[in-house]
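**Q** Below: sequence and its predicted model.
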Amino acid sequence: MRYLFITWMCLCLSVFSETVVEVSPTGPFKTLIDARDEIRRLKKMGRPAPYRVIVREGHYVMEQGLVLTSQDSDLLVEAAAGEKPRFFGGIIIQPTWFERVEDPLFLSRLVDKRAAQKIRVLNLRKHGIHEYGRLSRHGWSNEPKDRIPPASLLISGERMILSRWPNLNEENPYMVYQHYLPEPRELRGYELKVQEVIEKVRLPGEVTYRRVVDPGGALRKNETGGGTFEVAFDRMKHWHAVEDVWLDGVLGSTWEWTYNRISSVNLAKRQITLAYPELGGVGVGASVRLPHFYFENIAEEMDRPGEYYLDRDKGLLYIYPPQKKGVIVLSSLTDPMVSILNASHIRFKGLEFDTGRNLAFKINKSSNITVDQCGIANFAVGGVALEGNDIRIINCHLRGLGGFGVSMQGGDAKTLDPARNEVVNCHIHDFGWDQKSQLPGIMVDGVGHRIANCEIHDGPHFAIRIKGKNDILVEYNEIYDLPKYHKFDGGALYVYTGPRAESRGIVIRGNYFHNIPTIGAYPDNFSWGVEISHNLFWKVGVETGRPPIYNNGGGDGRVFNNMAVDCVQLYGQGARPKEDRWFSFWNRTIEEFGNGKVEQTPYAKYTDFKQWLRKKDKEEFFRPRSDLWNNVLFHPNHDIHLDASARTLKPSVLMRRIKNPGIIDHSQQLRSSNNWTTKKDPGFVDYKSGNFMLRSNALVFKKVKGFEPIPFEKMGRRNKPVL
């Protein structure tokens, strides 16, 4: 009996004990890599899992990324109680390393001579810093695989500005707010509507061109040679190395952001020629509205606090010091700070991951990975790229990211087995400074993901982008103050599933969209079967005259029980061109699932998809039906049905708008019922103070039978973490 008792005790100690390794600036394990290697050693000795790494407070400079694989599973890495350790992918620069600029040639070339006494210079090579990358060609639909952005300069955690013209947010006479046309003539038709929007939108700190001289090659056609355009200014006369100057902006369709180098300048003709071709050529595209851009990497233009210039050939870093003092950092880490591959049951908690030229986390083919209560800031490629199952990013603060905040992939598109990945209760903002088009706060691709209770704001384009696949739930998020850059395209939440008609089960419910200049929820390009319900839209689309919900060509949509407040429209149903190219996608879907074959697949659960498979006529595909019911639009100071240039509409369309105020149906297939547009308060607890909860006796419950309360109290972050 005594032998059995001792054996049982030993088993209990093995099951319930854990191995702890402490990381500290002064201990034997000074880095996460040290701790990982020690745990691997202990595992080989037979020490059982689980393992815990406790990290003490301190700044841990990472010269290489931490890589975790299957042998590192069953691991917890967390901050010591009450402490805030930070992992750092940059080189700390001492203020004393900077000196006064003595180079008379550099000083004489400054456009603003007053800046000469302010600028300081640092010889990076003198301090052993030799690798800082180079500026390179990239842009929307033209992002080189595995591109690593060059080093950035940060002071007190804020990214400094590469010397540019015009200055950030600087008004100038060369940003002419006029709808661009290849040949000068009076605007007509839809162009008048575009011009109305342009007149409301401001783009300080940018310029436009007068005319396109030569569109150059088209990248889509594998053509070479950059285009040439004429400008109204001669600022280039101050730039002595024009071949090192880069253009950042939009030269074609409104979403085609580009980063292109100047090849040459003809000052006499005020013409600029680019080094590389644009997607379709300069000034060429399906939706050219208002070209806008600025120029950067110009030594002569240093004239504002916070601007810097890096002479890469000489290794000299020039800075016009900002007023705010703090730690000076040059980003250096080119690896993802943490890479996890083929691992499971790993958790990071309470840590700060700061600065790098790549990602903070790259998670591939892994499961049961959690990043909890962590800060992720100042990574040039993006925050977290995850692919696998049961991966959770929760209670985190992500900011200052060059690309996306979180990219989600996982699940099985064949079996519809869900990934069960989640991004929950996260604060994501100030992203997309390196890649300004279609890289959102959260990017979703796969099956069975959930995004909930996140606060997302201040990005150049989308807050959330859903591309393809199935069963995506977006609920109780607060989204605002974006797009900051793309005012003529996209919206806050963007869905693109059109080529894959079997992509179903996308649900957008209970979210709070506010202070958004364009569209709130935007299923685009024949996206199918999207459900949008119980959302609150406040001041969405006002600046550009757009509705808070717009379905561009898609069908089988279900839009109900939404509340739009202080918006100029409620809903728009677009009608895309009837292009046969779409059948190159849809015929594949019909071949795979048609003639009853869908019943033998997991996709049989989508009733709307099975109805889609019964379509016969092309018109049914190009002008599908969607349903809109039990929605409310409240605006006390606006004549809804006369807004958005109603005078330019066809009489038949105009009469439908008067009958259904705030609803635009270009498809003529929308089934709309029991929607209410009103100037009367529908029954908010306190409209003036922004409390949009409904009173129990609210008027809306009488006017719209079956209307359910908007879950205002559930929207946004819960128990907001302090990071």
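**A** Received it, and whenever you're ready, just let me know what you need.
**Q** okay, CA-based contacts and neighbour counts for the rest of this
**A** Noted.
**Q** Y512 and G216, how far apart?
**A** Going from Y512 to G216 by C-alpha to C-alpha, to the nearest Å gives 44 Å.
**Q** isn't Q64 right next to D335, touching?
**A** Yes. Applying C-alpha atoms under 8 Å, one finds Q64 in contact with D335, separated by 6.3 Å.
**Q** who has more neighbours, these two?
**A** More crowded of Q64 and D335, by other C-alpha atoms under 10 Å: D335, with 22 against 15.
**Q** So what's the residue count around the nearest residue to the more buried one once chain neighbours are set aside?
**A** Excluding the flanking residues, the one nearest D335 by C-alpha to C-alpha, 6 or more residues apart in numbering is G65, at 5.3 Å. By the criterion of other C-alpha under 10 Å, G65 has 20 neighbours.
**Q** Could you pull up the residues touching G65?
**A** Each residue near G65 by C-alpha atoms under 8 Å, 6 or more residues apart in numbering is listed here: L333, D335, P336, M337, V338, S339.
**Q** next one: P25
**A** Neighbouring residues of P25 by C-alpha under 8 Å, 6+ apart: R56, G58, H59, Y60.
**Q** let's go with 7 Å and repeat that
**A** Residues in contact with P25, defined by C-alpha atoms under 7 Å, 6 or more residues apart in numbering, are G58.
**Q** May I have the beta-bridge partners of the residue nearest to R504 when sequence neighbours are not counted?
**A** Nearest in space to R504, with sequence neighbours left out and distances taken as C-alpha to C-alpha, 6+ apart, is N470 at 5.1 Å. Here N470 sits in beta bridges with V447, going by DSSP bridges.
**Q** Also S344?
**A** S367.
**Q** List the contacts of stretch 709-717.
**A** With contact meaning C-alpha under 7 Å, 6+ apart, stretch 709-717 is reached by 425-426, 453-455, 476-478, 510-512, 534-535, 692-694.
**Q** I misspoke; the intended subject was stretch 485-504.
**A** With C-alpha under 7 Å, 6+ apart as the criterion, stretch 485-504 contacts 254-255, 460-471, 482-483, 517-530, 582, 585-586, 589, 609.
**Q** Start and end of that stretch, how far apart?
**A** Chord length of stretch 485-504, first to last residue, is 30 Å (C-alpha to C-alpha).
**Q** ok, now stretch 282-298?
**A** From its first residue to its last, stretch 282-298 covers 23 Å (C-alpha to C-alpha).
**Q** Equivalent analysis for stretch 180-196, please.
**A** The straight-line separation of the ends of stretch 180-196 (C-alpha to C-alpha) is 13 Å.
**Q** if we can go back for a sec, give the contact list for the residue nearest to R504.
**A** N470 makes contacts with G446, V447, G448, S503, R504, G505, I506, as judged by C-alpha under 7 Å, 6+ apart.
**Q** Would you map the strands across the stretch 351-500 of the chain?
**A** Remark: strands assigned in the stretch 351-500 of the chain by DSSP state E, counting those that start in this stretch are 352-356, 359-372, 375-379, 382-394, 397-401, 404-410, 421-424, 427-431, 442-452, 455-457, 464-475, 478-480, 491-496.
**Q** for the closest residue to T273 other than its chain neighbours, what are its contacts?
**A** Excluding its sequence neighbours, the residue lying closest to T273 (C-alpha to C-alpha, 6+ apart) is T228, at 4.2 Å. Shown in contact with T228 (C-alpha under 7 Å, 6+ apart): V212, V213, D214, P215, G216, Q271, I272, T273, L274.
**Q** Next, T228: phi, psi?
**A** Main-chain dihedrals, T228, degrees, to the nearest 10: phi -130, psi 140.
**Q** okay, now the domains of the protein?
**A** Here the domain parsing of the chain from automatic domain parsing is 92-163+301-328, 190-296.
**Q** follow-up on the earlier one: and the strands of the stretch 351-500 of the chain, which is most packed in?
**A** The highest mean neighbour count among these, using mean count of other C-alpha atoms under 10 Å, belongs to strand 375-379: a mean of 29.
**Q** what mean pLDDT would you report for it?
**A** Averaging pLDDT along strand 375-379 yields 99.
**Q** so where's the stretch 1-150 of the chain uncertain?
**A** Along the stretch 1-150 of the chain, segments meeting pLDDT under 70 span 1-16.
**Q** So which residues of it form helices?
**A** All helices of the stretch 1-150 of the chain, identified by DSSP state H, counting those that start in this stretch, fall at 2-16, 32-44, 104-108.
**Q** cool, and the stretch 601-723 of the chain?
**A** 607-612, 618-622, 651-659, 700-703.
**Q** Which one of those helices has the poorest average confidence?
**A** If you rank the helices of the stretch 601-723 of the chain by mean pLDDT, helix 651-659 sits at the bottom with a mean of 52.
**Q** Tell me the span between the first and last residue of stretch 271-290.
**A** With C-alpha to C-alpha applied, stretch 271-290 spans 18 Å between its terminal residues.
**Q** ignore the last one, stretch 396-415
**A** With C-alpha to C-alpha as the measure, stretch 396-415 spans 31 Å from end to end.
**Q** The closest residue to G594 other than its chain neighbours: neighbouring residues, count only.
**A** Counting by C-alpha to C-alpha, 6+ apart, the nearest residue to G594 once its immediate chain neighbours are dropped is L613, at 6.0 Å. When counting by other C-alpha under 10 Å, one arrives at 20 neighbours for L613.
**Q** pretty sure L613 is touching N595, no?
**A** No. Using C-alpha atoms under 7 Å, L613 makes no contact with N595, being 8.2 Å away.
**Q** State the mean pLDDT of stretch 496-510.
**A** So the average pLDDT for stretch 496-510 ends up being 98.
**Q** Grab the most central residue of this protein for me.
**A** Per C-alpha atoms, centre = their mean, the C-alpha nearest to the average position across the chain is that of P440, at 1.4 Å.
**Q** shouldn't it be in contact with P460?
**A** No. Counting by C-alpha under 7 Å, P440 stays clear of P460, with 8.1 Å between them.
**Q** quick one: contacts for the closest residue to D417 other than its chain neighbours?
**A** With sequence-adjacent residues excluded and distances taken as C-alpha to C-alpha, 6+ apart, D417 is closest to G411, at 5.7 Å. G411 makes contacts with N389, D417, P418, A419, G446, V447, G448, as judged by C-alpha under 7 Å, 6+ apart.
**Q** at 8 Å what do you get?
**A** For G411, the contact set (C-alpha under 8 Å, 6+ apart) comprises G388, N389, D417, P418, A419, R420, G446, V447, G448.
**Q** and which of these is nearest Y259?
**A** Set against Y259, the nearest of those by C-alpha to C-alpha is G446 (29.5 Å).
**Q** N470 versus the closest one, what's the distance?
**A** Per C-alpha to C-alpha, G446 is found 7 Å from N470.
**Q** Are there residues contacting both of these two? Which ones?
**A** A413.
**Q** and K325, how many neighbours does it have?
**A** By other C-alpha under 10 Å, the residues close to K325 number 10.
**Q** for it, helix, strand, or coil?
**A** The three-state assignment at K325 reads coil, by DSSP: H, G, I helix; E, B strand; the rest coil.
**Q** Help me confirm that it comes into contact with G157.
**A** No. Using C-alpha under 8 Å, K325 is not in contact with G157; the gap is 10.4 Å.
**Q** Quickly note the distance from the closest residue to G280 other than its chain neighbours to L493.
**A** Leaving out its chain neighbours, the residue that sits closest to G280 by C-alpha to C-alpha, 6+ apart is A218, at 4.3 Å. Separation of A218 from L493 (C-alpha to C-alpha): 30 Å.
**Q** Low-confidence stretches in the protein?
**A** Low-confidence segments of the chain (pLDDT under 70): 1-16, 639-659, 720-723.
**Q** Let's see that with 80 instead.
**A** Applying pLDDT under 80 to the chain flags residues 1-17, 638-661, 719-723.
**Q** one step back: pick the most deeply packed of the domains of the chain.
**A** Comparing the domains of the chain by mean neighbour count (mean count of other C-alpha under 10 Å), domain 190-296 ranks first with a mean of 19.
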